[in-house]
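**Student:** Requesting a structural model of the entry that follows:
(one chain, ligands or ions: 1)
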Amino acid sequence: MDTYEEVRSIGSGNFGVTRLMCNRDTGELVAVKTIPRGNHRINKSAYREIINHRSLRHPNIIQFIEAILTHTHLAIVMEYASGGELFDRIVDLERFSEDEARYFFQQLIWGVSYCHHMSSMLHSRPKSAVGTPAYIAPEILNLQEYDGKLIKAIQYEIPQQVHISTDCRELISRIFVSDPSKKIPKSFGDGYIDYRSDEEEMQEEEEGPEENEEEEDECDKILREVQEKETPNMKALSIG
Ligand SMILES: Nc1ncnc2c1ncn2[C@@H]1O[C@H](COP(=O)(O)OP(=O)(O)OP(=O)(O)O)[C@@H](O)[C@H]1O
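**Tutor:** Modelled structure (predicted):
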């Protein structure tokens, strides 16, 4: 079961570390996210991530490959995106042309649209209240507390020296609005983005996700499946 060998570390997130690894049998490069086990809340989030991720198949979404359970960690093996961080690319180039920005934006919208479309079949909906502050929707950020202060108003401004088309300006002005009812309409993004009211979504965040029996069963099922393949320790992944 010594299938994957570490090549290097790629990055870390809120729950664990992601490494570039090589499948010894096929030579395929994969990304493996390892999450320490033990914390019930993290375990649940990780299982839900597996349940949702493995149901997705789309060219603009990283493909789930498999999950491996060890005594200490849960490892999610997935397709490796070799292009690096979009943010770093923008920083390196200093700025994108509108055509380049459109190229990436379109892919993002396709991926997100697909997730929203699939969310009716998945066991939890895409959430916007977690993650990196810079990427959080304004209405969610408005409610956050930083350094003990509650942020009540956010103003976005496009600097004078940035020249963008009227269409692009219009698009941005309709995305960065804190009133969900004034946001870009449903028809945007192939017509099937679920622009469920963010207030509804925030309320759900506050109350906590719905715990339904079906979801619990699914978590148990995944856990059992993963446990059947349980490997004794992280050596099975040849880390470090
Ligand atoms: N499949 C992948 N291919 C290439 N790089 C990846 C892949 N998955 C993750 N990474 C890199 O590893 C970093 C950490 O990923 P991880 O999924 O742990 O956290 P995150 O998505 O940044 O945040 P969060 O913990 O909120 O999910 C990412 O920022 C990215 O640079």
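**Student:** Which residues are in contact with residue 118?
**Tutor:** 55, 56 (CB atoms under 8 Å, 6 or more residues apart in numbering). Any C-beta I mention is one placed from the backbone N, CA and C, and that applies to glycine too.
**Student:** Setting the sequence-adjacent residues aside, check what's closest to the residue in the chain that the ligand sits nearest to.
**Tutor:** Residue nearest to the ligand within the chain (CB to the nearest ligand atom): residue 13, separated by 2.0 Å. Closest residue in space to residue 13, ignoring its immediate chain neighbours: residue 33 at 7.6 Å, by CB to CB, 6 or more residues apart in numbering.
**Student:** Does that neighbour fall in a helix, a strand, or a coil region?
**Tutor:** With DSSP: H, G, I helix; E, B strand; the rest coil as the basis, residue 33 sits in strand.
**Student:** That one against residue 18, yeah?
**Tutor:** Yes - using CB atoms under 8 Å, residue 33 is in contact with residue 18, at 4.6 Å.
**Student:** Would you map the helices across this protein?
**Tutor:** 40-54, 86-93, 98-119, 138-141, 166-175, 198-207, 213-228 (DSSP state H).
**Student:** Lowest average confidence across those helices, which one?
**Tutor:** When those are compared on mean pLDDT, helix 198-207 scores lowest, with a mean of 44.
**Student:** dump the residue contacts of the residue nearest to residue 13.
**Tutor:** With CB under 8 Å, 6+ apart, residue 33 has these contacts: 13, 15, 16, 17, 18, 75, 76, 78.
**Student:** hey, what's it bridged with?
**Tutor:** When bridges are called by DSSP bridges, residue 33 pairs up with residue 18, residue 76.
**Student:** distance of it from residue 67?
**Tutor:** From residue 33 over to residue 67 the distance is 10 Å, taken as CB to CB, to the nearest Å.
**Student:** if we can go back for a sec, which residues are in contact with each of residue 33 and residue 18?
**Tutor:** Joint contacts of residue 33 and residue 18 (CB under 8 Å, 6+ apart) do not exist.
**Student:** ok so, going back, are there residues contacting both of residue 33 and residue 67? Which ones?
**Tutor:** By CB under 8 Å, 6+ apart, the residues touching both residue 33 and residue 67 are 75, 76.
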